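1. Give me the fold of what follows.
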Amino acid sequence: MTANTPATPTAPAVGAATTDAPPADARALGLAHYAARGVLEQILARYGVTFQQQVVLRAAATAQTPPTPDGLVAEVRGTLKADPVDIRSVVDGLLVKGLLAADGAHLPATDAGRELLAAVGVAGAPVSARIWGGIPADDLAATGRVLALVTERADAEFAALTEG
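-> The predicted structure is shown next:
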């Protein structure tokens, strides 16, 4: 650069971390959540399922023992903080699609449900690698600790607000 050439600031590379990033707060958390959820919803749409359906199906498929309808609704409510009536509607939709099965008092994921979750996992893996790749392990560990604490505190506030 010569004395007569004005300095041109360069933008950080796409995906590069900046040292002047704002501190984490509820807005930053929300933006990250909705950005990631938007990506996942695009992948799920290819398979004809919604975000809520995937959450319910995953809860059933990963349970140690097949859940009861009430147990499944309670678990998903704890995760999504959604209305139990809405969750029951999602469960009903998964039964109709054959992704969950009524087995006595339990609702196990069907082979088709587990296959769908596996296919979504395969489709999402390269996208997830691009999103999370290159973030230093120490940053991920610190973020994990902060998010666990925020989740714990928000769950306590949610419980206090919904008691009664």
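2. While we're on T19, how confident is the model there?
-> Note on T19: pLDDT of 63.
3. can you pull the contacts of the closest residue to E75 other than its chain neighbours?
-> The spatially closest residue to E75, leaving aside those adjacent along the chain, is A59, at 5.1 Å (C-beta to C-beta, 6 or more residues apart in numbering). The C-beta positions use only the backbone N, C-alpha and C, and glycine is treated the same way. Shown in contact with A59 (C-beta atoms under 8 Å, 6 or more residues apart in numbering): 67, 72, 75-76, 79.
4. In this structure, where is pLDDT below threshold?
-> The chain contains residues with pLDDT under 70 at 1-19, 164.
5. And the biggest helix by length in it, what's buried?
-> When the chain is parsed with DSSP state H, its longest helix is helix 137-162. Residues of helix 137-162 include none that count as buried (16 or more other C-beta atoms under 10 Å).
6. And the helices in the protein?
-> Using DSSP H, helices in the chain cover 26-46, 51-62, 69-80, 84-97, 111-132, 137-162.
7. what's the distance between the closest residue to A101 other than its chain neighbours and G98?
-> Beyond its immediate neighbours in the sequence, the residue positioned closest to A101 (C-beta to C-beta, 6+ apart) is T110, lying 5.0 Å away. T110 sits 6 Å away from G98, going by C-beta to C-beta, to the nearest Å.
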